[in-house]
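A.B. asks: Next one to model:
(one chain, ligands or ions: 1)
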Amino acid sequence: MQDKKALLRSIPKMDELLKNDIFTQLNEEYGSNRVLETSRNVLEELRKSILADEITDFTSETIADSIKSALANSDKINLRKVINATGIVLHTNLGRAVIGEKVAKNVFNTVCGYSNLEYNCEKGERGSRHNHAKKLLTKLCGQEDAMVVNNNAAAIMLALGAMAKNKEVVVSRGELVEIGGSFRVPEIMELSGNILKEVGTTNKTHPEDYENAINENTGALLKVHTSNFKIMGFTENVDLTKLCEIGKKHDLPVIYDLGGGALFNLEQFGIHDEPNITDILKSGVDILTFSGDKLLGGPQAGIIVGKKKYIDLMKKHPLARAVRVDKFTLATLCETLKCYLDPEIAMRDIPTISMLAQTLDDLTVKCQKLISVIGSDIECVIAHDFGQVGGGSVPTQMIESVVCKITDKRVSADKLEKYLRAYETPIVARIAKDNVMLDVRTISESEFPIIADALQSAFKKQER
Ligand SMILES: *Cc1c(COP(=O)(O)O)cnc(C)c1O
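C.D. replies: Next comes the predicted model:
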């Protein structure tokens, strides 16, 4: 009892405690308000722990350490870096497309100061934020006009709202998809004020189905890329070229929601089936929409390209203001698009493309490096496995990859996977057949030391 009282009395006073040198640095990093609040909490916890007989000794150094880690911990709830060891290149839960350092550096220069976001420097007058990406997009896609909004869901809503309000929009039953949690084509149409006119069946839709559905109240024909599933077996759908013929015949615009879509030829990396944006535009589609952070490898954005008369309608639509993009998005998108002016630069500076471009040989060498950084005291081997493009792209195709398989059984796979996920820099890995697998396709070499530290500390903890 006496000990406990003495211990309580020896808790340093706040102003005494704050004299420790470490606080100069903490104040600088977190601000004195947060440091003070956290220090109070830590001292309060200490008091409680003493009363509960959980702590029998401490020093002002151990208290300062607790405060330091409490502050670091409180930052963990924020958006922060994670290591993706899943091999899913466009992982929607992990932020989809990774932005390259070169791109980010150029963005940094633009946003850490004023910019010509809505200013025309040549004329010295107000400009339009739509013009920056428009120049690059029309050049790369060979289209009349382009516009960028917050995401592809917003793009399709805006297109439908501006082009076919109070009108019927004809769409195949096989394409009435749900993407992610709440993006459902029929619901989007309702919001945009369109009347949904479903044609065909789940597995088959013929040109006559569209022809028969068209009447004087039809506003547009919509095609949706069924990017996150595939119906196998007896299927038939009307291809875009045919649909555009029907549209032209009846003087109706065709809108195509592509979802992903690449500006790069991915066939060369063995990725088939994924529509190429420039090929699609050859069909003569009036409006094409796709995401900025899927195969394009840029920021979250909805990209709209096509005929100027329709994009003009979208720019004037009230929704345009609600879904407009900010300067971060525009700067990042423009820097990403600039890379596409030269395929070699795109391959080097857009991580989504360089990750997909890695051959099995490249990945094997990379995996050997990872294993040597991890060190020989943890048992692991190189193995072949499959990753994915992800992000609702190329749904049926797995991509062959190389993984570092942790075979060391001092820690169970479940425990290890959980430990890695809770690590300072969380590492998201996969378990297969009772082994933790680290797919090197989505890991950058600069992250190897972090992975090695995490594994070392996981196994060390076990020994204690
Ligand atoms: C991913 C996807 C969307 C949604 O795009 P976001 O940019 O995430 O809003 C819409 N349609 C299709 C076909 C998609 O694949």
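
A.B. asks: Report the beta-bridge partner residues of E400.
C.D. replies: Beta-bridge pairing for E400 (DSSP bridges): F386.

A.B. asks: looking at it, it is touching H384, isn't it?
C.D. replies: Yes. Here E400 reaches H384: they are 6.7 Å apart, a contact under CB atoms under 8 Å. The C-beta positions use only the backbone N, C-alpha and C, and glycine is treated the same way.

A.B. asks: Now the common contact residues for these two.
C.D. replies: L360 (CB atoms under 8 Å, 6 or more residues apart in numbering).

A.B. asks: Return the distance of stretch 308-326 from the chain's centre.
C.D. replies: 24 Å (CA atoms, centre = their mean, to the nearest Å).

A.B. asks: measure that stretch end to end?
C.D. replies: 22 Å (CA to CA, to the nearest Å).

A.B. asks: Also stretch 336-348?
C.D. replies: Its first and final residues considered, stretch 336-348 spans 11 Å by CA to CA.

A.B. asks: Quick one: mean pLDDT over that stretch.
C.D. replies: Stretch 336-348 comes out with an average pLDDT of 97.

A.B. asks: Stretch 293-300 too?
C.D. replies: Mean predicted lDDT for stretch 293-300 stands at 95.

A.B. asks: Quick one: end-to-end length of it, please.
C.D. replies: For stretch 293-300, the end-to-end distance is 5 Å (CA to CA).

A.B. asks: Flag every buried residue along the lengthiest helix in the chain.
C.D. replies: The helix spanning the most residues in the chain, taking DSSP state H as the definition, is helix 32-51. Neighbour counts over helix 32-51 (16 or more other CB atoms under 10 Å) mark V35, L36, T38, S39, V42, L43, L46, I50 as buried.

A.B. asks: just stretch 182-194 next, same as before
C.D. replies: F183, V185, I188, M189, S192, N194.

A.B. asks: Which one of the residues in the stretch 251-400 of the chain is closest to the ligand?
C.D. replies: G259 (2.1 Å; CB to the nearest ligand atom).

A.B. asks: After the helix or strand of the chain with the lowest mean pLDDT, which helix or strand is next?
C.D. replies: Between all helices and strands in the chain, the lowest mean by mean pLDDT, DSSP states H and E belongs to strand 178-179, at a mean of 68. If you walk from strand 178-179 toward the C-terminus, the next helix or strand you reach (DSSP states H and E) is strand 183-184.

A.B. asks: contacts for the helix or strand immediately after that following strand in the chain?
C.D. replies: Going down the chain from strand 183-184, the next helix or strand is helix 185-191, by DSSP H and E. The contact list for helix 185-191 (CB under 8 Å, 6+ apart) reads 153, 156-157, 160-161, 169, 171, 175-178, 195-196, 222, 224, 257.

A.B. asks: could you give me the average pLDDT of the helix or strand just after helix 185-191?
C.D. replies: With elements assigned by DSSP H and E, the helix or strand that comes after helix 185-191 is strand 195-199. Mean pLDDT, computed over strand 195-199, is 93.

A.B. asks: how about the helices of the stretch 151-300 of the chain, start to end?
C.D. replies: 152-164, 185-191, 207-213, 240-249, 277-281 (DSSP state H, counting those that start in this stretch).

A.B. asks: who touches the residue most central in space within the chain in this structure?
C.D. replies: By CA atoms, centre = their mean, the chain has its centre lying nearest to R96, at 1.9 Å. By CB under 8 Å, 6+ apart, the residues touching R96 are L90, D293, K294, Q300, G391.

A.B. asks: again, 7 Å this time
C.D. replies: Going by CB atoms under 7 Å, 6 or more residues apart in numbering, R96 touches L90, D293, K294, G391.

A.B. asks: okay but the first one is in contact with N84, surely?
C.D. replies: Yep, that's L90 we're talking about. No. Counting by CB atoms under 7 Å, L90 does not reach N84; the two are 10.1 Å apart.

A.B. asks: Please enumerate the helices of the stretch 1-150 of the chain.
C.D. replies: 2-9, 14-17, 22-30, 32-51, 60-74, 101-111, 130-141.

A.B. asks: ok, of those helices, where does mean pLDDT dip lowest?
C.D. replies: Among these, helix 2-9 scores lowest, with a mean of 83.

A.B. asks: For that one, give me every contacting residue.
C.D. replies: R47, I50.

A.B. asks: again, only this time at 6 Å
C.D. replies: The set of residues external to helix 2-9 that reach it, using CB atoms under 6 Å, 6 or more residues apart in numbering, is I50.

A.B. asks: and it with helix 32-51, angle?
C.D. replies: 180 degrees (axes from the mean of the first three to the mean of the last three CA atoms, to 10 degrees).
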